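S.K.: here is a sequence together with a model predicted from it:
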Amino acid sequence: MSAVSTRPRTLQQGVTVAPANITPLATVQHGLQLTWRSVLKIKANPEEVFGLMLQPVMFVTLFVFVFGQAMMGDWQTYRDFLMPGIIAQSVIFATMGTGFSLSQDVEKGIFDRFRSLPIARSAPLIGAILGDLVRYAITVVMVMVVGLAIGFRPEGGAVGVLLASALVLLFAFALCWMSAFVGMIVRTPMAVQSFAMILLFPLTFGSSTFVSPDDMPGWLAPIAANNPVTHVVDAMRGLMLGGDVAGPVAWTLVWTVVITAIFFPLAVWAYRRRT
C-alpha cells in the first residue's frame, strides 16, 4: 500500500489548498503549531490575562465573605466548601472566551488565511482551544493563591490540588468544543456571549458549586445531583479535601468524553460551513 501524501495541492491559479488526506498525527502537529500562536496572543493582549486573574478574586471575596456566614454559620467553613467550586466555576465561565475569540477571528478574516494553508481543517480550532487551556491554568493558579491567602488549606496537599486542577481543565477542554460550536453558528461575538451565558449559568448555579443538592427544593435536588458540573465539583472536593473520589471522577470522565464526542464534530462542521 502506498503511503498517503500530505503535500499540498496547488490550483492552476497558484492558490494553495489543504491536501486531500491528512493523518491524525499531522492534524495534531498542525494543532500544536497553532496552539503556539494562540499562546502568543496572551503576550499581545495582557488585559485578557488581567481579566482572568481579577474575576476569581471578585468571586472568592464576594461569595466567601458576603454569603459564608449565612450559608454555614461561619465563613471559614464555607470557604473550604466553596473553593473547589469557585475554581470550577471560574474555569467553566472562562470557556465562553473560546467561542467569542473564534467569532472575532472569523469576522477579521483570519480563518480565510488558514483555509488556504496546507493544514487540517480542525487544526485552527484545536490550536485555539489548547491555547485557551493555558489561560484557564492561570485562572486556577490565581484562585488557589487567593484561597491560600484567606486561609484555605487543602487536606489533599499539592498532589490533590494538581489532580483536581487537571480534572477541571480536562472538563473545560470538552466545554470549549461546545463554546467553539456556538461561536461558529452565531453571527456576532456579542451574541456568542449571550448564548454561552444561557448555557453555562444553569450548569454552574444549578449544581453543588455553592450549596449541596440536599439543601435544594425537592424538584431541583435530583437535577443538581446529576448535573455534570456537580460531578466535577464533587470530584475536586474529594481530591482536595478528602471524601468520595472514584464515583465523581468516573462521571466527570464520562461527561468529558460525551461532550467532546458530540461537540467536536459539530464544531468542525460549523467551522467548515462558515469559512
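M.R.: Nice, thanks for sending it over.
S.K.: quick one: low-confidence parts of the stretch 1-150 of the chain?
M.R.: Within the stretch 1-150 of the chain, the segments meeting pLDDT under 70 span 1-21, 44, 46, 48-49, 51-52, 112.
S.K.: now do the helices in it.
M.R.: Under the criterion DSSP state H, counting those that start in this stretch, helices of the stretch 1-150 of the chain are mapped to 24-44, 46-62, 68-72, 75-94, 96-108, 110-115, 123-149.
S.K.: okay, these in JSON lines with distance to residue 270 next?
M.R.: All C-beta spots, glycine's among them, are computed from the backbone N, C-alpha and C. JSON lines is the format used below for those (distance: least, C-beta to C-beta, whole Å):
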{"stretch": "helix 24-44", "distance to residue 270": "17"}
{"stretch": "helix 46-62", "distance to residue 270": "24"}
{"stretch": "helix 68-72", "distance to residue 270": "41"}
{"stretch": "helix 75-94", "distance to residue 270": "21"}
{"stretch": "helix 96-108", "distance to residue 270": "10"}
{"stretch": "helix 110-115", "distance to residue 270": "12"}
{"stretch": "helix 123-149", "distance to residue 270": "10"}
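S.K.: buried deepest among these, which one?
M.R.: helix 75-94 (a mean of 23; mean count of other C-beta atoms under 10 Å).
S.K.: report all helices and strands that it contacts.
M.R.: helix 46-62, helix 68-72, helix 123-149, helix 157-185, helix 189-205, helix 228-241 (3 or more C-beta pairs under 8 Å, 6 or more residues apart in numbering; DSSP states H and E).
S.K.: how about CSV for those helices, with distance to residue 80 added?
M.R.: Converted to CSV, those look like this (distance: least, C-beta to C-beta, whole Å):
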stretch, distance to residue 80
helix 46-62, 12
helix 68-72, 9
helix 123-149, 9
helix 157-185, 13
helix 189-205, 19
helix 228-241, 6
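S.K.: of all these, which lies closest to residue 109?
M.R.: Taking C-beta to C-beta, helix 123-149 is the member of these nearest to residue 109, at 12.8 Å.
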